[in-house]
Structures are given as structure tokens and as C-alpha cells.
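S.K.: can't give you the sequence, but here's the structure:
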């Protein structure tokens, strides 16, 4: 995955949802190093800490993208409070982090588990189902500006069948996937949120 380094540095300076000192190592390394972590959306930045204990915030030492991963409680031999980040496509690429207290580790685990796109997508689908059960129809699939047309039906009129992109998000309509492509912006948007 490619990123613009300057944009990542700028993003790392924004106000985080959670930040603090944690000890960090990758699974194949033997020594933990103290780092300063900042959680912003699904990005977990970490910064070096100098010999005086100050955080070097000019630029992050690294970044972990919290998608397709699991946050697990972990046990370390010395009894430290620990958790790990394990990626579903590469079980060898495991990041182990320890905190100063059980409370701190639980706070980080909770925040990290809620940071991925997949978590919020699942939450949206559950809320859609609850609304559907309570109201009898799904108001999130209805587009007010399209006079009650269901989203997939509205998109199918504007989509070329030769499109190479297929959305992985399934709606509650008959289609199992939605094709889409970039459509030139018209005076009236197809979907207005």
C-alpha cells in the first residue's frame, strides 16, 4: 500500500482518539521498546521516545493500519499486561504491546477493536436490521431525493456493466453486489447524505 509521507506526518499531528506510552515489539523481535502511540481512526501511529523520556513528534516511527486484523489479549512470560494485533492475511506479522496496568490495556483493546472500517460497517448493518424490524422497511436504503427509489435500483441506471469495480458491501435488496464507477458530478447528486 502506498501513502504520501507528508500527508501521513500531517495526519499524525491531529488530535487522537487515544494516546499514550506502551511497550512494543514485533513477534520476531526479542526486545520490547517503549513507544508513544496515537490512535486516529483506523491508523495507529507510533513515535520514538528519546533517552530523556521525551516523545519525538516530528514524524512517526511507524504506522499500523487497523484493517483485517484482530486485537487479542496476550500473555507474556513476565506477567505484563499485554495484547496483540494479528492480521488475518499474515499470522506471522504480529505486533505485541504491553501497558502499565490492566485498565490501560483494556482501554486500548476497546478503542482498537472499534477503530476499523469493518467494525463500523458491521454496526451499520446491525442498526439497519433493527430499524427494518421496528419500522417494517429500511429507511437507510431509501433515498429521499430519488422519490423512494431503492439505492441499488438508482445506481443500476447509472452504472456501466463493463465496470471493473464491485463493492464488497451487500445491501438488503436482491443484488448480492453493487457495481459502481465514478460518475461525473451533475447539478443534482444521485445520493445526498
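M.R.: Sure, I can see it. Predicted model, so just to flag it, every value in this text is computed and none were measured.
S.K.: quick one, helices of this structure?
M.R.: 5-12, 102-113, 117-135, 151-156 (DSSP state H).
S.K.: and those: which comes nearest residue 54?
M.R.: For the helices of the chain, proximity to residue 54 was assessed by CB to CB; helix 5-12 is nearest, at 16.3 Å. In this view, the C-beta of every residue, glycine as well, is placed from N, C-alpha and C.
S.K.: quick one: buried residues of that closest one?
M.R.: Applying a neighbour-count criterion of 16 or more other CB atoms under 10 Å, the buried positions in helix 5-12 are 11-12.
S.K.: quick one: least confident helix or strand in the protein?
M.R.: Ranking every helix and strand in the chain by mean pLDDT, DSSP states H and E puts helix 151-156 at the bottom, with a mean of 49.
S.K.: that older thread, could you tell me the least trusted of the helices of the chain?
M.R.: Within the helices of the chain, confidence is poorest for helix 151-156, with a mean of 49 (mean pLDDT).
S.K.: quick one on the thing from earlier: need the helices of the chain in TSV with distance to residue 88, can you?
M.R.: Formatted as TSV, the helices of the chain follow (distance: least, CB to CB, whole Å):
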stretch	distance to residue 88
helix 5-12	23
helix 102-113	14
helix 117-135	10
helix 151-156	28
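S.K.: please name whichever of those helices is nearest to residue 24.
M.R.: Comparing the helices of the chain by CB to CB, helix 102-113 comes nearest, at 11.4 Å.
S.K.: so what does the closest one touch, helix or strand wise?
M.R.: Using 3 or more CB pairs under 8 Å, 6 or more residues apart in numbering; DSSP states H and E as the contact criterion, the elements in contact with helix 102-113 are strand 18-26, strand 33-40, strand 69-75, strand 81-87, strand 90-99.
S.K.: residue 70 is nearest to which of the helices of the chain?
M.R.: Among these, helix 102-113 comes nearest to residue 70, with 8.6 Å by CB to CB.
S.K.: let me see the contact set for residue 71.
M.R.: By CB atoms under 8 Å, 6 or more residues apart in numbering, the contact set of residue 71 is 83-85, 109, 112-113.
S.K.: do the same with residue 86
M.R.: 69-70, 72, 93-94.
S.K.: which pLDDT value goes with residue 141?
M.R.: 65.
S.K.: does residue 95 really touch residue 85, like I thought?
M.R.: Yes - assessed by CB atoms under 8 Å, residue 95 is found in contact with residue 85 at 4.3 Å.
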